[in-house]
Each structure stands twice: as structure tokens, then as C-alpha cells.
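>>> Structure here, sequence nowhere to be found:
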């Protein structure tokens, strides 16, 4: 089990976008940034999703991994890769995502400090609910005879 790279006391939930050090809280992030030790790290390993032959890439430019996003407690929330592919290939989802208002709602939720509060607010928007329903139909399709709405 890994510990916070700043306080070495808690399990890290986040990763610095610049140097990719793992940290557990906003306090640790601020302390990390104030110490002037945050520099872009160069790694020669290419990202798994897009191999680049003989090229080094800054780790901040590399895509996030599952380990960056999930901790041991969130394993049950992991969406299987096949379902993620189905989301990316869904025509119905692509149609909904063409709406600029929905895209703005998604950006707002993504950049919110309190994501739970932002999600609660977004779920009051019928367009966002339609988007969430489309996603859930793919991730957890209703069983035959059980047409329960999400």
C-alpha cells in the first residue's frame, strides 16, 4: 500500500499533474507546491495507450492510469474496459454529447472542487439526466422484463 508523498501518513487519492507525486489532500498539495520541489519529470517509458518509439515524454503529458484514478476502496466502482469501449462507440451517447450546454455541464462537474455537490446540482438538469441514463443503459443494461429507469 502506498502512502502520501508529502506527509507519508495517509493513502494518496490524487496525483500532481506536473510531477505526478501522489498526495492525499489539498493541504498536502499546497505544501508540495510551496516547497518548489515540483518539476516536470521526464520518463522514457511511453504511455501504454500510445507507444512512441525512441521518444521521451514528460509524465504530465502521459494519460492517467487506472491507479491514478482509483484507490483500493473504489475497486467496486471500476467500469470494465469493454463497457468503456461501448460508451465510446454509442451513437445515442454521441448525439447527446453534441449539445454545448451538456458539454459545459460536464466541464463544470469535472472542474468542481466539491464533485459530489456539483453532480447533485447537475442531476437537476434534464439534459444531464438524459446523458447519465444513456451511460447507465450501456454500463448496467436493464434485465429483460425489468425496465427500471435509472
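Cool, got the structure. These numbers come from a predicted model, not from an experiment.

>>> where in this protein is pLDDT low?
Within the chain, the ranges that satisfy pLDDT under 70 run 1, 36-37, 40-77, 143-150.

>>> Break the chain down into its structural domains.
14-69, 79-139 (automatic domain parsing).

>>> Kindly reformat the ones you listed as CSV containing distance to residue 4 and mean neighbour count.
(Glycine included, C-beta is placed from N, CA and C.) Formatted as CSV, the domains of the chain follow (distance: least, Cβ to Cβ, whole Å; neighbours: other Cβ atoms under 10 Å):
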stretch, distance to residue 4, mean neighbour count
domain 14-69, 4, 13
domain 79-139, 19, 13
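
>>> Pipe those domains into a markdown table and attach distance to residue 3 per row.
Below are the domains of the chain laid out as a markdown table (distance: least, Cβ to Cβ, whole Å):
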| stretch | distance to residue 3 |
| --- | --- |
| domain 14-69 | 8 |
| domain 79-139 | 24 |
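
>>> Which helix runs longest in the protein?
Secondary structure assigned by DSSP state H gives helix 126-139 as the longest helix of the chain.

>>> list the helices and strands that helix packs on?
With contacts taken as 3 or more Cβ pairs under 8 Å, 6 or more residues apart in numbering; DSSP states H and E, helix 126-139 sits against helix 81-89, helix 91-97, helix 100-111.

>>> Now do the first one against helix 126-139, angle only.
Comparing the axes of helix 81-89 and helix 126-139 via axes from the mean of the first three to the mean of the last three Cα atoms, to 10 degrees yields an angle of 140 degrees.

>>> Next: the last one.
Regarding helix 100-111 and helix 126-139, their directions subtend 70 degrees when assessed with the same axes, to 10 degrees.

>>> Contacts for the helix or strand just after helix 100-111 next, please.
Heading C-terminal from helix 100-111, the first helix or strand you meet, by DSSP states H and E, is helix 115-122. Contacts to helix 115-122, defined as Cβ atoms under 8 Å, 6 or more residues apart in numbering, come from residues 105, 108-109, 112, 128.

>>> any idea how far residue 96 lies from residue 27?
From residue 96 across to residue 27, the span is 38 Å (Cβ to Cβ, to the nearest Å).

>>> Tell me who's in contact with residue 92.
By Cβ under 8 Å, 6+ apart, residue 92 lies in contact with 134, 137.

>>> Let me have the helices and strands packed on helix 126-139 in CSV, extended by distance to residue 138.
CSV is the format used below for the helices and strands packed on helix 126-139 (distance: least, Cβ to Cβ, whole Å):
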stretch, distance to residue 138
helix 81-89, 5
helix 91-97, 7
helix 100-111, 16
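
>>> Okay then, goodbye and thanks.
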